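Novice: next one to model:
(chains A and B)
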Amino acid sequence: MINILLIIFIMTLFVCATAIRLRTFIKVIALQGVLLFGVFFIRLNEINTVNLILLLLETIIFKSIVIPYFLDYLIKKNKISRETEPYVSNFTSLFIVTGVILTSFYLASTLRGGFFENIYFVVAISTLFTGFYLIISRRKIITHVMSFIILENGVVVFSLAVGNEMPMLVNLGVLLDIFVTVFVLGIFANKIGDVFKEAEVHQLNRLRD
Amino acid sequence: MIIGLYLILTALIATALLSNRNKKVNYLMVTLFVAVQWIFTVFQFYYVNQSQLEYFTADAIGLLLLTVLSLLNTTSAYYSFIYLEKRGDTAKQRSSYFAAYVVLIASITCAYLADHVAIAWIFVELTTLSSSVLIYHRRTERTLEATWKYIFICSISVALIFMGILLLGLAVQQAKIGDLYYSNMMKNAVKLDKFWLKSAFLFIFTGYTVKAGLVPMYTAGIDAKDKAPSPAAAIFSSALMNVGFIGIFRMYAVVSKTNIVGWANTVMIISAISSIFIAAAYMIRVKSYKRMFAYSSIEHMGIVMLGLSMTGIGYFGAILHVILHSFTKAALFYQFGSVFRILKSKFIKETGGYFEKNISGALVLLLGFFMITAVPPSGMFVSEFMIFSSLFAKGYLWIIVLVGILLTVILWSFGENIFKLLFQKTGGEKEIKEPVEKISPMEAAPQFLLLFLVIYLGFFPPAAMVNLINAAIKLIH
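Specialist: Numbers count the residues shown, from 1 in each chain, chains lettered A, B, ... in the order given. A predicted model of the protein is given here:
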């Protein structure tokens, strides 16, 4: 069951790579939240109630409801046009993301060690680097924020690999996730969006040599 | 327990600064904080290598950098008073500046002393938050741009470091050696799985390069140092860069006990050489002095990494270089605060003829130029000499030649810009309408003191410092 969820998770990365509309991105983020909850729920079976509530809050409430809703609100408030505006064509993106995923599968196949760690490793590394690639290849600042959220999801997936023995690390990761996301989104909502109306990267390039 | 007391006091002072906006109360609180920081530092020397509050240990490298931090904290607080006084900021801006400043210094302190990987990481994240308030101090569009870039790139780096910590966690779990304490991992490094350790090193190294100012993620730090007020920029390019250094150092201390140390050295050498190259390339075409200083910090961190990736005397040189670079760069940034007050510009083509307007300050810049470019009698000459001789001993002649050429380029462009600022008037200078501000020579005294320390510590290193550096080197071996 976990494998199915994780494979769907990887498939969402392809959707991200070819997404034309910002709304698609938001939907993918919401879906990833639900998938993460499923994986958490099955994997961390011997979990105490406090942790379970925290994880429920993080994945279902925060990742699939609050963040997508807030992103939607930001797009409406700042009247951001609905295209993702990549620098490269969708075909190239798809090609690169496939390359990233294949490379991480190859890396994992060289590993010894348990199967579980390896599959988490594959998903985490490919999500992380896809997030990186999306940040680099998109023009809008709001897309950067969304790609960052996807990148963070990759880290959260990997925290599951150590989750059973070191629950403190999982909790730390969840708290980091919530904290940083709120912080980054908050600054975007309060300052960047107001000051730079179009909120595109080329307006943020005055500091350079 | 003393560290708990320190944290509580700091939290109280920061709250007091935020809640009370009276100028006298603000200044009193910051002075109190400087005193607390010094007392705390002195006490740490009595608790060497003892676990405090379970997660903190004052080892040799932590103590060295903590002492440097406490000294720079004193001077930075003093120049912050002057900076805020002259700019005439509102009470709200002043209190938030000082509150962020106090939190920044305290979190740097804890990041130095933390023995647990995850605890160090939390305090590194806290330094990001508090420094972003300082960068945004002037509330302009450009500071907003710098703040946004800094926060965004630091958030990515924090995620990367966390990924590294998870990988370490996996390795520690498989080896069944307890928890993620640096001291524990150093002891049992051989038992850790090589692949997980390698990937953990890569992620943690890449993550900490944001703070340390190395390739690949140096960019955010440049904008931050450019846009922050100069007393804060001084801390950013000294004590805050040392946070990145100590993060890499401790991770390297774990890796150095295993047989992947050669691989880690290669990673560090690549990062070091490309950092020096980037610094040289940008310093030729840099437009403002603050950015030039920031790129120079990148160059020096590159040299430090070269030393750390060698053996023997290279380690000693690297640690000494970190200390001396902190003093020199801080002095230069402080002096640049005065330059800006007199010439009203930080751009190279708009400034000139500083020598006739402020002799004491010009002398600081001149002396600072010789110190930072490691021209004798600079103490940094000694540390760079150590690093180069360790390179020579290991037979890396091509690195010596390459870095030598790059350092010459840096020396040339640094000198050209500084001498233009000091002596030359080319006609493109900014018109200064109001009468030039007279700055008392006493204001430059702390800067002279810092630069004097650079000479003194380089050529006549006190026995206490040498012992501490040697103890720090023992952590690696």
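Novice: burial measure for the closest residue to chain A within the stretch 351-477 of chain B, as a count.
Specialist: Ranked by CB to the nearest CB, the top residue of the stretch 351-477 of chain B for proximity to chain A is residue B:413, at 11.9 Å. For the C-beta atoms, the positions are set from N, CA and C on the backbone; glycine is no exception. Look at residue B:413: counted by other CB atoms under 10 Å in any protein chain shown, it has 21 neighbours.
Novice: which parts of chain A sit against chain B?
Specialist: A:110-113, A:117, A:124, A:128, A:132, A:135, A:141, A:144, A:148, A:151-152, A:154-155, A:158-159, A:161-162, A:165-166, A:168-169, A:172-173, A:176, A:180, A:183-184, A:187, A:191-192, A:195-196, A:204, A:206-207, A:209 (CB under 8 Å from any CB of the partner chain).
Novice: mind listing what the residue nearest to residue B:343 when sequence neighbours are not counted touches?
Specialist: For residue B:343, ignoring the flanking residues on the chain, the nearest one in space by CB to CB, 6 or more residues apart in numbering or on different chains is residue B:351 at 4.7 Å. Residues in contact with residue B:351, defined by CB atoms under 8 Å, 6 or more residues apart in numbering or on different chains, are B:289, B:339, B:343, B:345, B:420, B:421, B:429, B:430.
Novice: ok, now with 10 Å
Specialist: By CB atoms under 10 Å, 6 or more residues apart in numbering or on different chains, the residues touching residue B:351 are B:288-289, B:339-340, B:342-345, B:417, B:420-422, B:424-426, B:428-430.
Novice: kindly report the same for residue B:413.
Specialist: B:279, B:280, B:281, B:282, B:283, B:284, B:285, B:286, B:292, B:295, B:296.
Novice: out of those, which is most surrounded?
Specialist: When the contacts of residue B:413 are compared by neighbour count (other CB under 10 Å), residue B:279 ends up highest, at 29 neighbours.
Novice: tell me the mean pLDDT over the host helix or strand of that residue?
Specialist: In the assignment (DSSP states H and E), residue B:279 maps to helix B:261-285. Helix B:261-285 carries an average pLDDT of 95.
Novice: returning to that earlier point: state the pLDDT value of the residue nearest to residue B:343.
Specialist: Here, the pLDDT recorded for residue B:351 equals 87.
Novice: which of the residues of chain A next to chain B fall within helices?
Specialist: A:117, A:124, A:128, A:132, A:135, A:141, A:144, A:148, A:151-152, A:154-155, A:158-159, A:161, A:168-169, A:172-173, A:176, A:180, A:183-184, A:187, A:195 (DSSP state H).
Novice: could you count how many residues lie near residue B:464?
Specialist: Summarising burial for residue B:464: neighbours were counted as other CB under 10 Å, giving 12.
Novice: any idea which residue of the stretch 101-250 of chain B lies closest to chain A?
Specialist: Closest approach between the stretch 101-250 of chain B and chain A, counting by CB to the nearest CB: residue B:169, at 4.2 Å.
Novice: list phi and psi for the nearest residue to that residue once chain neighbours are set aside.
Specialist: Distances taken as CB to CB, 6+ apart put residue A:162 closest to residue B:169, at 4.2 Å, once the chain neighbours are dropped. Recorded main-chain torsions at residue A:162 are phi -100, psi 0, according to degrees, to the nearest 10.
Novice: what about the strands in the stretch 101-250 of chain B?
Specialist: With strands called from DSSP state E, counting those that start in this stretch, the stretch 101-250 of chain B shows none.
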